Each structure stands twice: as structure tokens, then as C-alpha cells.
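1. compute the structure for the input listed below.
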Amino acid sequence: MASLAKLLRKIRKHDAMLDNLRAFIDVARRGTFSAVADARNVAVSSIARQVDVLEAELAVRLFHRSSRRLLLTDAGEQFLLREQAIVAEFDEAEAALIDVQSEPRGPLSVAVPSSFGRPPRGPRGHNLSTALSAAFTYSQCMGRFTRS
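-> Prediction:
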């Protein structure tokens, strides 16, 4: 799990780039910076800056801008097609990693005195986790409980 946490930290370093890509995709879909800014509840200049930074990093213009229109350049159209798929796949991969971490996995061993009773049984067919298995060990002697 340590390597998974390390991977997530590296991914988070690239959040600014991903945010810029998402801003570009949203602007291309909605057609205006202001529509995206309204949807995200941020300033229009913030969205425009994200697209500007992306264009500077790529060293290519993604939009033709005028006071009345915002159109994708040829490079912007090609980039949009690829980036939509990449960002969607990244989001799915990140969600899958988070799911892996959120559910307990592996064996769970519980040692209890025989006076504890029979193994606990839940409702028929009820399973809290498909990745967690429980094994109960019953003993005649009482163990010592210590404070940690």
C-alpha cells in the first residue's frame, strides 16, 4: 500500500496540469470561458488563465479568440479528441485506486474464549466485504489483555 500512496502523491503533483486540461475540455464543450467559470463558480479570468498556461506549455494555440467567438484551432480539435479520452481514463484509474484502498482486504483472525459462544452469523447471503475473510479461534483459557 505504501507504493500506492506514493503513486497517488505523484498523481496529485500533476493536478494543476489536469485542471488545465479539464478547463480546456470544458471550454471546448461549452463554447465560452464564462459558461465554464459560472459552472465552476470561479472568475472568468481564472479559466482563461488555465487555458493560457496549457497553450504555453504545449507551445500551440488551441482556440481562435475574438470578441464575439471562440473557436477551436485545427490543433485544438485534434488535441481535444485525444485529451477527452485520456482525462476520462485517468479519472477511472484514480477512482479504481481509491476503491482498492477504501475496502478492507485479507484475512482477519479473532481469538476468543469458548465462553464467547458460537461464531457470529449474519443474515443469509449477507457479506460485508468480498475481499475480507474471518477466522475465529476458540480456546478454553483466557488470554491476558494488556493496554497498549
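2. residue 83 and residue 23 touch, don't they?
-> No: taking contacts as CB atoms under 8 Å, residue 83 lies outside contact range of residue 23: 11.1 Å. No exception for glycine: its C-beta is placed from N, CA and C like everyone else's.
3. the two: which is more packed in?
-> residue 23 (23 against 18; other CB atoms under 10 Å).
4. look up the closest residue to that one, ignoring the ones flanking it.
-> For residue 23, the nearest residue in space outside its immediate sequence neighbours is residue 50; the separation is 3.9 Å by CB to CB, 6 or more residues apart in numbering.
5. what's in contact with stretch 4-20?
-> 50, 51, 53, 54, 57, 87, 90, 94, 97, 100, 101 (CB atoms under 8 Å, 6 or more residues apart in numbering).
6. hmm, 7 Å instead?
-> Applying CB atoms under 7 Å, 6 or more residues apart in numbering, the contact partners of stretch 4-20 are 50, 53, 54, 87, 90, 94, 97, 101.
7. next, the contact list for the second one, please.
-> Applying CB under 7 Å, 6+ apart, one finds that residue 53 lies in contact with residue 20.
8. buried residues, the helix or strand that it is a member of. List them.
-> Element membership for residue 53 (DSSP states H and E) is helix 44-58. Buried residues in helix 44-58, counting neighbours by 16 or more other CB atoms under 10 Å, are found at 47, 48, 50, 51, 53, 54, 55.
9. what distance do you get for the fifth one to residue 20?
-> Put plainly, it is residue 53. 6 Å (CB to CB, to the nearest Å).
10. tell me the secondary structure at residue 60.
-> With DSSP: H, G, I helix; E, B strand; the rest coil as the basis, residue 60 sits in coil.
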